[in-house]
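[1] Structure of the sequence below:
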Amino acid sequence: MTLRNINIMRTKYFLLLFLLLLGAGCATSQYGSEATAVLEEGEPSIADTTFLYDSRVIALETKDDALIARVNRLIEWKGNLYILDKAGKQVVAFNMDGKHLFTIHRVGMGPEYSAVMDVAIDKRKNQLVLLTEPSALLRFDAEGNFISSRKLPGYYHSIALDGDFIYLENETYANGRLSENSITAIHGEETTGLLEPLIEIAPFCFIAGHQLSASSPVLFTRKFDNTIYKLENQSVSPSYTIDFMNETFPEDAKDKVYDCRDLNKFSTEKGLVYLMTDVTETSEHLLFRTNLFDRLYILSKWDDAVRKYDYIFQSEYGYNLHGYTPVGGEKERICFVAMAGSLVSLKSLVETYPKVKAKTTVKMLELLNRVEEDSNPVLFYYKVK
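    Next comes the predicted model:
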């Protein structure tokens, strides 16, 4: 592609953005009837036992064909754990004791893929469904055996299944134009577009975490929208709108196009929220993360108040947990992923400084003795009240 063609494409995009800004306004919700929860000031940390229970620690077995660079999605189903590692282009299965069962890694073998975008569980068929690039759905049984492949017409970031319905998060800006919808719902051979997209002022900008939940019903969030949506059958409805108070991304800052570095620098320096991810809902709470990195937000359904915490204190191990990963498949579970490097650094401090060792719990000392630099992650696993 010549420089002239590139400049023409850029000009067309910014012209389209200007027209959308002129005609679409800056509304952050297309409904306005959903419940509103307000962010309140809270403490920097909270004890895990305050809102979590049924804790267990799972040290994932380390093997050459099961090395995990990052836990991008976690599913528990019928006593097994299925972990998406996008960097490794694989889905790795373990039992609940952390023993490795199998690895799906179809790079260089048919039907192959160049990347795994996401993974979901089809509970009715007892199958794993991989969203891959080139754009397709690959199905495997619960033991990792390939079943079938289905090509997809568009570009998608993540997948969720609920009953007979498949939901795909659309690429917001592809092939030189905005997508017509935020979500594609598939039911058999029928395809339906859901939720008209907002103007795209940060194309190609993504952060860690998922905007489609792995729950039933499926929950969905998107950039520059403070509403959490619920997807059921072939319809979408608002569930909650969050008033972030002084963390609200200002309307007058939405009149330009951002690249990721500029957007995250601006948001981090001013403490502004432009995206919620990893929404987890229980009967008493609703949890989510934001673009403000590892901070945890907890919405209490008793008073519709949202409180934020920089870390969770693990009571039994005396360890500070940052961020969290929702667990798909089984309801009301989350986990905190402790990478081996962080644990090895703590291990070095314990071995070097007697005062640090004296303050370290017996359980943590036992765990540190089992961890090496090249070990797989350790999961701090919970149910949410």
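
[2] What is the burial count for residue 121?
    22 (other CB atoms under 10 Å). Backbone N, C-alpha and C define where each C-beta goes, glycine included.

[3] who's in contact with it?
    Neighbour list for residue 121: 75, 77, 82, 127-129, 161, 214, 328-329 [criterion: CB atoms under 8 Å, 6 or more residues apart in numbering].

[4] biggest separation within those residues, which pair?
    Farthest pair in the contacts of residue 121 (CB to CB) is 127 and 214. Separation: 14.5 Å.

[5] Specify which member of the contacts of residue 121 is nearest to residue 61.
    Of all the contacts of residue 121, residue 61 sits closest to residue 82, with 14.5 Å by CB to CB.

[6] Which secondary structure element of the chain has the lowest mean pLDDT?
    helix 3-24 (a mean of 40; mean pLDDT, DSSP states H and E).

[7] which other helices and strands contact whatever helix or strand comes next after it?
    Proceeding N to C from helix 3-24, the next assigned helix or strand is strand 35-40, under DSSP states H and E. Secondary-structure packing of strand 35-40 (3 or more CB pairs under 8 Å, 6 or more residues apart in numbering; DSSP states H and E): strand 235-243, strand 305-309.

[8] what would those look like in JSON lines with distance to residue 190, mean pLDDT and mean neighbour count?
    Formatted as JSON lines, the helices and strands packed on strand 35-40 follow (distance: least, CB to CB, whole Å; pLDDT from 0 to 100; neighbours: other CB atoms under 10 Å):
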{"stretch": "strand 235-243", "distance to residue 190": "13", "mean pLDDT": "95", "mean neighbour count": "18"}
{"stretch": "strand 305-309", "distance to residue 190": "37", "mean pLDDT": "95", "mean neighbour count": "18"}
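
[9] Just tell me which of these ends up closest to residue 366.
    Nearest to residue 366, of the helices and strands packed on strand 35-40 and by CB to CB, is strand 305-309 at 27.0 Å.

[10] and the helix or strand following that closest one, which strands flank it?
    Remark: after strand 305-309, the chain's next helix or strand is strand 311-314, criterion DSSP H and E. Next to strand 311-314 in the sheet, as set by DSSP bridges, lie strand 45-47 (parallel), strand 319-321 (antiparallel).

[11] Buried ones in the first one, by neighbour count?
    Neighbour-count burial for strand 45-47 flags residue 46 (criterion: 16 or more other CB atoms under 10 Å).

[12] Same check on stretch 158-167?
    158-162, 165-167.

[13] now do stretch 102-122
    Using 16+ other CB under 10 Å as the test for burial, stretch 102-122 gives 102-106, 113, 116-122.

[14] Can you get me a residue count around the residue lying closest to residue 173 once chain neighbours are set aside?
    Using CB to CB, 6 or more residues apart in numbering and skipping residues adjacent in sequence, the residue nearest residue 173 is residue 203, 4.2 Å away. Here the number of neighbours of residue 203 (other CB under 10 Å) works out to 17.

[15] Just send the contacts of residue 121 back as a markdown table, with secondary structure and pLDDT too.
    Shown next, in a markdown table, are the contacts of residue 121 (DSSP: H, G, I helix; E, B strand; the rest coil; pLDDT from 0 to 100):
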| residue | secondary structure | pLDDT |
| --- | --- | --- |
| 75 | strand | 97 |
| 77 | strand | 95 |
| 82 | strand | 98 |
| 127 | strand | 97 |
| 128 | strand | 97 |
| 129 | strand | 98 |
| 161 | strand | 96 |
| 214 | coil | 91 |
| 328 | strand | 94 |
| 329 | coil | 90 |
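
[16] any idea which of the residues you listed is closest to residue 246?
    residue 214 (31.5 Å).

[17] for the closest one, what are its contacts?
    Residues in contact with residue 214 (CB under 8 Å, 6+ apart) are 73, 75, 120-121, 160, 326-329.

[18] Return the distance of stretch 224-240 from the chain's centre.
    16 Å (CA atoms, centre = their mean, to the nearest Å).

[19] no no, stretch 331-349
    Relative to its parent chain, stretch 331-349 has a centroid offset of 18 Å by CA atoms, centre = their mean.

[20] Restrict that stretch to CA atoms and write it as PDB.
    C-alpha atoms of stretch 331-349 as PDB (Å, rounded to 0.1, in the frame of the first residue of the first chain):
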ATOM      1  CA  LYS A 331     -21.100 -19.800  39.100                       C
ATOM      2  CA  GLU A 332     -19.800 -17.200  41.500                       C
ATOM      3  CA  ARG A 333     -16.100 -18.200  41.400                       C
ATOM      4  CA  ILE A 334     -13.000 -16.000  40.900                       C
ATOM      5  CA  CYS A 335      -9.300 -16.500  41.300                       C
ATOM      6  CA  PHE A 336      -6.200 -14.500  41.800                       C
ATOM      7  CA  VAL A 337      -3.200 -15.500  39.700                       C
ATOM      8  CA  ALA A 338       0.200 -15.300  41.400                       C
ATOM      9  CA  MET A 339       3.000 -15.600  38.800                       C
ATOM     10  CA  ALA A 340       6.100 -17.500  39.800                       C
ATOM     11  CA  GLY A 341       8.400 -14.500  39.400                       C
ATOM     12  CA  SER A 342       6.500 -12.600  42.100                       C
ATOM     13  CA  LEU A 343       6.600 -15.500  44.500                       C
ATOM     14  CA  VAL A 344      10.300 -16.100  43.800                       C
ATOM     15  CA  SER A 345      11.000 -12.500  44.600                       C
ATOM     16  CA  LEU A 346       9.200 -12.900  47.900                       C
ATOM     17  CA  LYS A 347      11.100 -16.100  48.500                       C
ATOM     18  CA  SER A 348      14.400 -14.200  48.100                       C
ATOM     19  CA  LEU A 349      13.400 -11.500  50.600                       C
END
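
[21] Cool, thanks, talk later.
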